[in-house]
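Asks: coordinates only, sequence not included:
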């Protein structure tokens, strides 16, 4: 009457509160949420962005341990995807129905009330956790709890702003001692080696790309020169941070010849986006040839 | 018509007297099961008491963080060099504990004063002054400990042991200075022309001060066995 | 008419001067509004930063008009440098997490409504309350100052990992004074948060009015209380961490910096420190922090949903126990940010179990919310739409967390856009939806004016669809291995993904523009909105018993008496289908 909104905002004369408008909005919510949920699922199922050939699928796994991770990922995707779709659609459905109910209708309680929800959550989530937790433990153990084979190919890698360098022990099979104070990038002494005084470092082979033989376990020892970095090769299903001051390592076996990108995933400064190297998986013969060539270039 | 509500007298153990209220049935009918009348008392009494424990919990957590930093740091480098705690620190400890004793005496004298027993205002003031003096002496003594370390060439960044020594003692000393500020506030309220020192304020300040002593004993222990 | 009872000692007399009324006010309502205003400024700055970032990602060489005015070195000729991208990224995260998500749902609404909802006339310690806001403001100023120092803001992200953040300007532009200001700002912010948490806890425990038992407190009050308990312990750990970081930077200590580092051709004079120590300290705070961000939103949404559905939730107690459970578990999971960090891999497995377990109370809550909608009589307003939107977003964000909780999957997804999608959905959208819902719901009470509900609903639809368009694709990018915190996409496998980023950027700009509707609505309604009655939503909690806006001393010097639990809906009473908490009337069948 005087422009004031009466406390009973929801009397029939208020357009928002009238059954039709409420019902319409509830329906709209249900439709929007369902469309969004289904649309969100499409790229997951097709592995592609809508109407394009942009692929979202993780690249082909070229490691010996990666299939466990991929299985875990797809299992989780199914369970999470179903939960996601169910929850969103139920939300839409309940909102639709509820917004249509008249203010004179009686309140109904979901059969089983809170108890059934607690039990459902415990059972559904509990079993998921158990299943995935147990599976996941194996996948994780494959990567981290198995020590590197004693005859694995030993390679060192150093990450520094903003490049990866790799070092092979050379003919003597031993790595020379690195000296941080002797690092001289201008003269390509990335590891700070001292060949004049250190015999073992004389035959060390330093490169900017990581070449490895296929089907041979590699033990990659990781050292950071300055700040935190990370070693990430999608196809190998490997990701491990470099931590300054810590001697870390990863070990893996590549199963397919090819060239793959190693990218840094730990924010390391302005060149972080550009910090990368190539992993070159070669046949044993090609690898031997590559090593000979690199040795001669040192 | 403003009702001047007197602050509850210190040491007064009885519940507040029945108050008048308008209309309705007796007071008791509206106490629901499980409900309390706590909130009707001078709210600042209880809130101050809760507040001080909450604050001490936060301080405890901070020093737990420092402790875990110390424990981790000891394992990550090869530069852990045993640090001899300057002997004056033990004297400072005695001084700080003595200040807590002085404060406890002061607290009881304040309560007696408030109960209008035969205690002159000067008596608790004297003991509070003693607490303040001893507290200041403690901080000065800590400064002397730092001077001793400096004379030995041990500065903040000399090695991790000295770093932790300075950080732990300095952060503790800063909190002690805060406690001194609280004590000054108590003194001001005690000395005010109209007595306005609430028991909860006195107690909270005292708990904080005693906690500084207990915390110091803990820090000393950690430094003694770890640094 | 409620019982009058003893009036407690007045904390403070009504203020008279402008300064005392609106600037240095002891009134929790004014302080709540001040926090809200600060959060509004921070979210606007943070949002603009995100636009700049998104534009740079897809049009890296296009000059952005005006950007060179903000930073000549960071954006010469308006073209953003890689380091400036990282500076904006750092400031975006810091502003949003600290100054928006801790301030708005918790400090702003909590300060305003917690005392009222428990029937108190103010917080337990009004002077501490005033101090906590102004100290937050000082922290904000220190942070913003980082934009204007010569080297610019820090580039280490809101997580400020050592050694990038600890060694000083050798590690990059912005790592000089900018990073020190950042650490100082957060240190100061911690002080303010601790004071605030202390106030909330003491107030909740001690200032409840007659009849207001703990179980009769509204769910949002419970959420603020649990959040303040979490905040007390979490910020108490961040403070020492920031102090140690500052010492490493300016005093030459080596808490986080090991020996033998060569940065910018300088051999660093530190030794023995541990970068992982920073990560542990930071995430011990950082994980509870994200629950500090979401719990108040859960409480606000529950409160609004109940009111909109005209029925209580399936179980009041279970929801509260779940919130407590989440709060408790939040302290056990911090290592899930560090699965591949180089910490003991056995620890990673250990941390993954409580991380997965936290899904249980979160799922129970979601099922209870959903199950409560069934059979209810939902009213659709802007507030209830945002509350429903919260449910949708919380499900989406929570589900992606389930992937990241498993260390083996995290090997592939760590530091990709999958993580960025996850935390933006739960924090950047769900928690913000809680703030929007709270705003539309409580604006009438706080200002005495109604907001324009049609505009509010439009704001909802555009934002709901817009944020899904922005953040759902992040998950797909993550599955493709798209690394995060990159200022440009130059790697072979990233270049094909740029068209998706372009779509996201358009969605972000569009959704950002839609927020102007909200801003317009806020301002216009504040001055020209229809006058608000005391209880426009027919809500039962105590704030709706007082005029809009409430008087200075809330309950007019009287203590209300509470007779019911806070959610007497679906009952027959003289007021309709609900009973106010302070009404002595008994509900009809």
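Replies: Thanks, I have the structure now. Because the structure is predicted, anything quoted here is derived from the model rather than measured.

Asks: can you tell me the helix or strand for residue 116?
Replies: Went with chain A since none was named. Assessed by DSSP states H and E, residue A:116 sits inside helix A:113-144.

Asks: look at chain C instead
Replies: helix C:109-117.

Asks: That helix near chain B at all?
Replies: No - using Cβ under 8 Å from any Cβ of the partner chain, helix C:109-117 stays clear of chain B, coming no nearer than 10.9 Å. From N, CA and C alone the C-beta is placed, and that goes for glycine too.

Asks: Report all helices and strands that that helix contacts.
Replies: helix C:28-58, helix C:177-206, helix C:219-250, helix C:275-309, helix C:432-447 (3 or more Cβ pairs under 8 Å, 6 or more residues apart in numbering or on different chains; DSSP states H and E).

Asks: Make a markdown table from those and add mean neighbour count and mean pLDDT to it.
Replies: Output for these, formatted as a markdown table (neighbours: other Cβ atoms under 10 Å in any protein chain shown; pLDDT from 0 to 100):
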| stretch | mean neighbour count | mean pLDDT |
| --- | --- | --- |
| helix C:28-58 | 20 | 97 |
| helix C:177-206 | 25 | 97 |
| helix C:219-250 | 25 | 98 |
| helix C:275-309 | 26 | 98 |
| helix C:432-447 | 26 | 98 |
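
Asks: can you tell which of those is closest to chain A?
Replies: Nearest to chain A among the helices and strands packed on helix C:109-117 is helix C:275-309; the distance by Cβ to the nearest Cβ comes to 5.4 Å.

Asks: just to revisit the earlier point, quick one, which of the helices and strands packed on helix C:109-117 gets closest to residue B:103.
Replies: Closest approach to residue B:103 among the helices and strands packed on helix C:109-117 is made by helix C:177-206 (22.5 Å; Cβ to Cβ).

Asks: which residues touch the closest residue to chain A within chain B?
Replies: Using Cβ to the nearest Cβ, residue B:76 is the residue of chain B that sits closest to chain A, at 6.9 Å. For residue B:76, the contact set (Cβ atoms under 8 Å, 6 or more residues apart in numbering or on different chains) comprises A:245, C:258, C:272-274, C:276-277.

Asks: Recalculate using a threshold of 7 Å.
Replies: Counting by Cβ atoms under 7 Å, 6 or more residues apart in numbering or on different chains, residue B:76 makes contact with A:245, C:272-274.

Asks: can you list these in a markdown table and add pLDDT and neighbour count?
Replies: As requested, the contacts of residue B:76 are exported to a markdown table (pLDDT from 0 to 100; neighbours: other Cβ atoms under 10 Å in any protein chain shown):
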| residue | pLDDT | neighbour count |
| --- | --- | --- |
| A:245 | 95 | 24 |
| C:272 | 93 | 20 |
| C:273 | 95 | 30 |
| C:274 | 96 | 25 |
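
Asks: okay, these in JSON lines with distance to chain B and secondary structure next?
Replies: Formatted as JSON lines, the contacts of residue B:76 follow (distance: Cβ to the nearest Cβ, whole Å; DSSP: H, G, I helix; E, B strand; the rest coil):
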{"residue": "A:245", "distance to chain B": "7", "secondary structure": "coil"}
{"residue": "C:272", "distance to chain B": "2", "secondary structure": "coil"}
{"residue": "C:273", "distance to chain B": "7", "secondary structure": "coil"}
{"residue": "C:274", "distance to chain B": "4", "secondary structure": "coil"}
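
Asks: residue ranges of the strands in the stretch 51-200 of chain A, please?
Replies: Remark: strands assigned in the stretch 51-200 of chain A by DSSP state E, counting those that start in this stretch are A:153-160, A:163-168.

Asks: Mind putting these into a markdown table with mean neighbour count and distance to chain C?
Replies: Output for the strands of the stretch 51-200 of chain A, formatted as a markdown table (neighbours: other Cβ atoms under 10 Å in any protein chain shown; distance: least, Cβ to the nearest Cβ, whole Å):
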| stretch | mean neighbour count | distance to chain C |
| --- | --- | --- |
| strand A:153-160 | 21 | 7 |
| strand A:163-168 | 22 | 13 |
